[in-house]
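Visitor: Build me a model from this:
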Amino acid sequence: MGRVEPFTFVEGVKDTANNGGFDDYVDILSAKVADVDIQFSSRLRAQYPEMIVTTVPGGNVNLIYFADLGYAHYEADTEHDTLSRWRGFVPPDVKRGGEGHLGEMISYAKYKYKFGDEFFLLYYVKFSYTIIQYILKEPRGDSETPNTHSSETDKLLKAAGDVLYKQVPGIFVYDRIWAKDLTLLKEVQKMTWDKVILDEKMKESLVQVSQKFFDSKNVYDNLGVPWKRGLLFHGPPGNGKTITIKALMRTLSLRDPPIPTLYIKSAPGTYYIHSVFDFARYMSPCLLVLEDVETIVTPSTRSYFFNEVDGLENNNGILTVASTNFLDQLDPGLSKRPSRFDRKYLFPLPNLHERELYAGYWRDKLKKNNVKVSFPKMLCAPMARITDGFSFAYMQEAYVSSLLEIARGDDMPRVVGFPDVDDDNEHEHDPLEHHILWRVFKEQVKILRDNMDGQHEDKPPLLPRPPPNQVPYEESPTIIPVESSVLDFPGGRGGRGAGYRNNNSSHIPASIFLGGRNDLDRDLQARQFLQRWEKYPQRNEAATEYRGLNYGLTWMTH
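Guide: Next up, the predicted model:
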């Protein structure tokens, strides 16, 4: 009997005849790991030593969605490997009605994949919330080996990338990975400047500063300065910074050729910041939007961000627009250096004139949508007076909550605590009190003001915006929130996209992107996205709804 080493590792022999790579998948995820991708790809190379293994992030080029659009075909290879999936109920669409159906989310699968006349093996693997695709293809010609790129795989990736990045509608959004957001595109398409309450000179400045930038490449070249510019929107929350950006996005999208927008939600490390600017340089000329820039430029990434903005690499053609609610908390190198952000636009609280214009906007909106609520012009001025100190967001809440209160019943004056006019002689000489909207609106404003006082009792009051003739126009742009009214009931708002459900068939699959990055958010995210569905054009029987180039978990109807 041979000598046994004291530290010999003894491993049982496993039968993998029917489980294929799934056993490796389970083994890797059942232990502590440093890099799951390296382990899984190395095991694939050991299992298929004669094949070229190409690793592709699901958020870059999603081959399943590419096939679902009708450009390729795939079939799960359950004969030689095991599927890992969740099964659950997908509720019916709230707006369209119909029945719910069953669906599943794939976390591991091996597919037989066909593109044109070529066949591939495709492993679709989920690690946490990251999807990785492993494409296996035999070498072609004398120049290809298992350690080189596959020319056929490259053709597949190029074709899929051209379709997904050029033909699929949506705005590029970066939240650690790039994805196209169709919902954001729809929001932007609604943001026309005629819906903006703004001083005309101020509005003209905002439009021209972006238009002239993209028309002035030759001017920058002749002056020998980099063709780049930065704008910084700042002010208390709820006063229109985000919506102003969306209006600019739409304006630039209507140019010929269109100027694309890259919308950044988060980039918590230097690698992510590099990914943002690297793609912006590739897409230039473009608009680069940094929402809540103080959450993107942190002490740990500040120096790297400055290097990227200052253009250690070529930033020609990039117009950067950043927003912040806390200008005083920004690093001076970000807020006070002109070469990074050349002009700052202040979004303070609306003044009396702007609040009255906003009341008029709601009056016109109700009239246009045939909402049966009396809203005479005489109410606009008093409504503006009692909302002193309100942001546009708070005013919107006052109007929406008032209209919802009225919509709940015919006896709303008593419900909200106001006596009927007919029973109250005290108000017989006050014409305003004859209008239910005014009485309910006053109550809602009081509730909101009490809430504001409770939240900010220890903070100094925010000053309203002075009249336009007292403030330089470039420092006081403002815009009203639009497309949000008593008619827009919950169900279609928010989120990073929608889903697809077919009321007439129980066999058409639908794919959905779980936006959560935190395991603790998984159940909440699942409940939220399952309730938000929106039909998207299908290309074939196995078509999948598109919620961005990156969609993590896939629900397929069966």
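Visitor: Can you give me the distance of residue 212 to residue 219?
Guide: In this structure, residue 212 lies at 9 Å from residue 219, with Cβ to Cβ, to the nearest Å as the measure. All C-beta atoms are positioned from the backbone trio N, CA, C, and that covers glycine.
Visitor: Tell me where the longest strand sits in the protein.
Guide: Longest strand in the chain by number of residues, with DSSP state E as the criterion: strand 101-115.
Visitor: Run the chain-centre distance for it.
Guide: 25 Å (Cα atoms, centre = their mean, to the nearest Å).
Visitor: average pLDDT for it?
Guide: Rounded to a whole number, the mean pLDDT of strand 101-115 is 92.
Visitor: Pairing partners for it, with directions?
Guide: For strand 101-115, sheet partners with direction are given as strand 73-76 (antiparallel), strand 84-90 (antiparallel), strand 118-127 (antiparallel), strand 555-557 (antiparallel), following DSSP bridges.
Visitor: closest to residue 381 out of those?
Guide: Across the strands paired with strand 101-115, residue 381 has its closest neighbour in strand 84-90 (49.7 Å, Cβ to Cβ).
Visitor: now that closest one, how far from the chain's geometric center?
Guide: In terms of Cα atoms, centre = their mean, the gap separating the centre of strand 84-90 from the centre of its chain is 25 Å.
Visitor: ok so, going back, can you say which of the strands paired with strand 101-115 is packed in most?
Guide: Using mean count of other Cβ atoms under 10 Å, the stretch among the strands paired with strand 101-115 with the largest mean neighbour count is strand 555-557, at a mean of 23.
Visitor: mean confidence for that strand?
Guide: Per-residue scores along strand 555-557 average to 39.
Visitor: can the strands paired with strand 101-115 go into CSV with extra columns for distance to residue 181?
Guide: Shown next, in CSV, are those (distance: least, Cβ to Cβ, whole Å):
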stretch, distance to residue 181
strand 73-76, 25
strand 84-90, 21
strand 118-127, 21
strand 555-557, 19
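Visitor: if we can go back for a sec, dump the longest strand of the chain to PDB, restricted to CA.
Guide: Coordinates of the C-alpha atoms in strand 101-115 are reproduced here as PDB (Å, rounded to 0.1, in the frame of the first residue of the first chain):
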ATOM      1  CA  HIS A 101     -49.700  33.900 -16.900                       C
ATOM      2  CA  LEU A 102     -46.800  31.800 -15.700                       C
ATOM      3  CA  GLY A 103     -43.200  32.700 -16.500                       C
ATOM      4  CA  GLU A 104     -39.700  31.700 -15.600                       C
ATOM      5  CA  MET A 105     -36.400  33.400 -15.000                       C
ATOM      6  CA  ILE A 106     -33.300  31.700 -16.300                       C
ATOM      7  CA  SER A 107     -30.100  31.900 -14.300                       C
ATOM      8  CA  TYR A 108     -28.100  29.100 -16.100                       C
ATOM      9  CA  ALA A 109     -28.700  27.500 -19.500                       C
ATOM     10  CA  LYS A 110     -26.800  25.900 -22.400                       C
ATOM     11  CA  TYR A 111     -28.100  26.800 -25.800                       C
ATOM     12  CA  LYS A 112     -27.600  25.500 -29.300                       C
ATOM     13  CA  TYR A 113     -27.300  28.800 -31.200                       C
ATOM     14  CA  LYS A 114     -27.500  29.300 -35.000                       C
ATOM     15  CA  PHE A 115     -26.700  32.500 -36.800                       C
END
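Visitor: For it, buried residues please.
Guide: 101, 103-111, 113, 115 (16 or more other Cβ atoms under 10 Å).
Visitor: Pick out the most distant pair among those residues.
Guide: Farthest apart among these - using Cβ to Cβ - are 101 and 115, which lie 29.5 Å from each other.
Visitor: Name the residues that touch stretch 164-177?
Guide: Stretch 164-177 has contacts (Cβ atoms under 8 Å, 6 or more residues apart in numbering) with 57, 59-62, 65-66, 178-182, 184-185, 188, 249, 260-268, 272, 275-276, 279, 283, 496, 515, 517, 546, 548-550.
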